[in-house]
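Student: next comes the sequence, and after it the predicted model I'd like to discuss.
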Amino acid sequence: MTVDARKETRGFQTEAKQLLHLMIHSLYSNREIFLRELVSNASDAADKLRFEAVSNGDLYEGDTELKIRVSFDKDAKTITISDNGIGMSRDEVIENLGTIAKSGTANFMQKLSGDQKKDAQLIGQFGVGFYSAFIVADKVVVTTRRAGAPVNEAVRWECSGDAEFSVETVEKTQRGMTVELHLKEDALEFADNWRLRTIIKKYSDHIAIPVVMQKPVAVDGDATEASEDEVINTATALWTRSRSDVTDEEYKEFYKHVSHDYAEPLTWSHNRVEGNLDYTSLLYVPARAPFDLYNRDASRGVKLYVQRTFIMDDAEQFLPLYLRFIKGVVDSNDLSLNVSREILQKDPNIDTMRGALTKRVLDMLSKMASGEPENYTKFWKEFGQVLKEGPAEDFANREKIAKLLRFATTHTGDAEQSQSLEDYVARMKEGQEKIYYIAAENFNTAKNSPHLEVFRKKGIEVLLLTDRVDEWLMSHLSEFDGKSLQDVGKGELDLGKLDTEEEKQAKEKVAEQLKPLLERVKAALTEEVAEVRITDRLTDSPACVVVAEHDMGAQMRRILEQAGQKLPDSKPIFELNPEHPLVKKLEQEGNETRFGDLAHILFDQANLAEGAQLQDPAAYVQRLNKLLLELSN
């Protein structure tokens, strides 16, 4: 890094160099996107000035007419986008323009596939919109002065798309930011009045402040010269317009503006509420999850406006955490303009709006699930695990959320989470009183679990739960549509009316007959199990392990163990299938040492069938080898 009193040259971070290289080589499939991104950034700068000026009107410096100006010079091969918004200080320039996608560059780079078409879909999730300028420019010069700063403390940032950029202190009379693009030879088509106007109308018509260009007029036949300013966009906050006046295309472009996402949203809901509270909301469901979706501490929330004045980007108080993927705008007339995060948290109007907006989102998802099942399938793949946090966090809407959940089941036999609880209830057998499920580490372990054997025999459907959040979800979702939910791997299996009286009596009789065997096995496994009993779960397997009714499930124990958490002491229940030849062989074994080895082998195999790791794998191998040698002699 070289430094003098006024100018310094700095290098980008390693990951940023890679990303910048990708940007320069046309990451966006549609090159005209650069103008949308730069105009959107200028609009954000104007919003932020309005907010700061609420408490400090001097920031306007006597100029309250906010606007974005777009101009071009065909001879100089340049396009210039300037605004009179908040601007940036030297430190802000270095922080914001010197670090591409500072919140997740390394993670972003790990996701890149090398296929530019696929990689283009990732761009919007990382806030690198400014760098889209390098798609059309081989040099970008930014001149900016923060509102309220002296004229001689402006900053010029310059980069030619290589590994370095320069920062220099300069003078700038007007606050705000000017971005000058020096066009590549193959991008000169954009230095054209009609081309720029068309792009602005297409992508930025919804911007709430004027985007102006000088209106060309004919002079001496074909020649033209610039005249007065002309506003190109509608310049009305889109959410303040009537729904009937807004096209689907405008809604989609506005989503890209507020979310900085490259893809179109799956759906949206635009509503005006009048009465005790007066506010407007425009909420979107994205088509793709951001990389920090599972970071519950990451910034999230909608953009908040009060009386059309921007307040904050991530107003998280208006939606619960399990809906953190929702993007959009809330504009209220019932909040103070000097609102702060602390006031937001204490204002009773916020609680009312939060409840209403939450129901609005859930209704939007319900409508998508019933009317646009293909889109809902896309939504579920991206956000399903987050929505599963809902029943624990939002008791009031637990039933609404439950209807939106999707699961894999034995009915379809595949790993696709496509079946709702309503679908399950509609298929329940006559006399079935419960919704049955099993939680396992992966789909194959769940699908092939010995616990499902009796359910296959009786034709009873079982939910196959494999997401990390599933067992926690079920601990808060105890019933649905009046039917309780039961983990088939926990406690006593109660099939209710699906078990005949004859079956129950037969089991009791066998348990009494095999009482000596159960006691012998319990003695052999006294350190490993809490109880040994006859099973009513198995038809083909010799044994299985069962978690006690109120103990933590195996899936949750594995998750906590991997996280380094201390686990509560507990032992499983060991169930034997009296009809299986191996159990009959065990009953007939007279040698207690050999009996103990066989009991341990059955117990370890039952654990393996559940996807568990053995506490002593070497001992299992030794016992198994010993048995194999005896059989071969």
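Tutor: Arrived safely, thanks for sending.

Student: and the helices in the stretch 1-150 of the chain?
Tutor: 14-24, 33-55, 90-97, 105-111, 116-119 (DSSP state H, counting those that start in this stretch).

Student: cool, and the stretch 451-600 of the chain?
Tutor: Secondary structure of the stretch 451-600 of the chain by DSSP H, counting those that start in this stretch: the helices cover 453-458, 470-476, 501-513, 515-524, 554-562, 581-588, 592-609.

Student: any idea which of the ones you listed scores lowest on pLDDT?
Tutor: Lowest mean pLDDT within the helices of the stretch 451-600 of the chain: helix 554-562, a mean of 70.

Student: want to throw the helices of the stretch 451-600 of the chain into a markdown table with distance to residue 250 and mean neighbour count?
Tutor: C-beta here means a position set from N, CA and C on the backbone, and glycine is covered the same way. Listed next are the helices of the stretch 451-600 of the chain as a markdown table, based on distance: least, Cβ to Cβ, whole Å; neighbours: other Cβ atoms under 10 Å:
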| stretch | distance to residue 250 | mean neighbour count |
| --- | --- | --- |
| helix 453-458 | 52 | 16 |
| helix 470-476 | 38 | 20 |
| helix 501-513 | 64 | 12 |
| helix 515-524 | 71 | 17 |
| helix 554-562 | 44 | 17 |
| helix 581-588 | 69 | 15 |
| helix 592-609 | 56 | 19 |
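
Student: indicate which one of the ones you listed is closest to residue 203.
Tutor: helix 470-476 (40.4 Å; Cβ to Cβ).

Student: what helices and strands are in contact with that closest one?
Tutor: Contacts defined by 3 or more Cβ pairs under 8 Å, 6 or more residues apart in numbering; DSSP states H and E place helix 470-476 against helix 390-393, strand 434-439, helix 554-562.

Student: adding distance to residue 349, write the helices of the stretch 451-600 of the chain out as CSV.
Tutor: Shown next, in CSV, are the helices of the stretch 451-600 of the chain (distance: least, Cβ to Cβ, whole Å):
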stretch, distance to residue 349
helix 453-458, 50
helix 470-476, 29
helix 501-513, 58
helix 515-524, 62
helix 554-562, 39
helix 581-588, 66
helix 592-609, 55
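
Student: nearest to residue 280, out of those helices?
Tutor: Set against residue 280 and scored by Cβ to Cβ, the helices of the stretch 451-600 of the chain come closest in helix 470-476, at 33.2 Å.

Student: contact partners of the closest one?
Tutor: 388-389, 391-392, 398, 405, 437, 439, 465, 485, 487, 553, 555-556 (Cβ atoms under 8 Å, 6 or more residues apart in numbering).

Student: could you dump it to PDB, C-alpha only?
Tutor: Listed next in PDB are the C-alpha coordinates belonging to helix 470-476 (Å, rounded to 0.1, in the frame of the first residue of the first chain):
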ATOM      1  CA  ASP A 470     -37.700 -32.100  13.300                       C
ATOM      2  CA  GLU A 471     -37.500 -33.600  16.800                       C
ATOM      3  CA  TRP A 472     -37.500 -30.200  18.400                       C
ATOM      4  CA  LEU A 473     -40.500 -29.300  16.200                       C
ATOM      5  CA  MET A 474     -42.500 -32.300  17.300                       C
ATOM      6  CA  SER A 475     -41.800 -31.500  21.000                       C
ATOM      7  CA  HIS A 476     -43.900 -28.300  20.400                       C
END
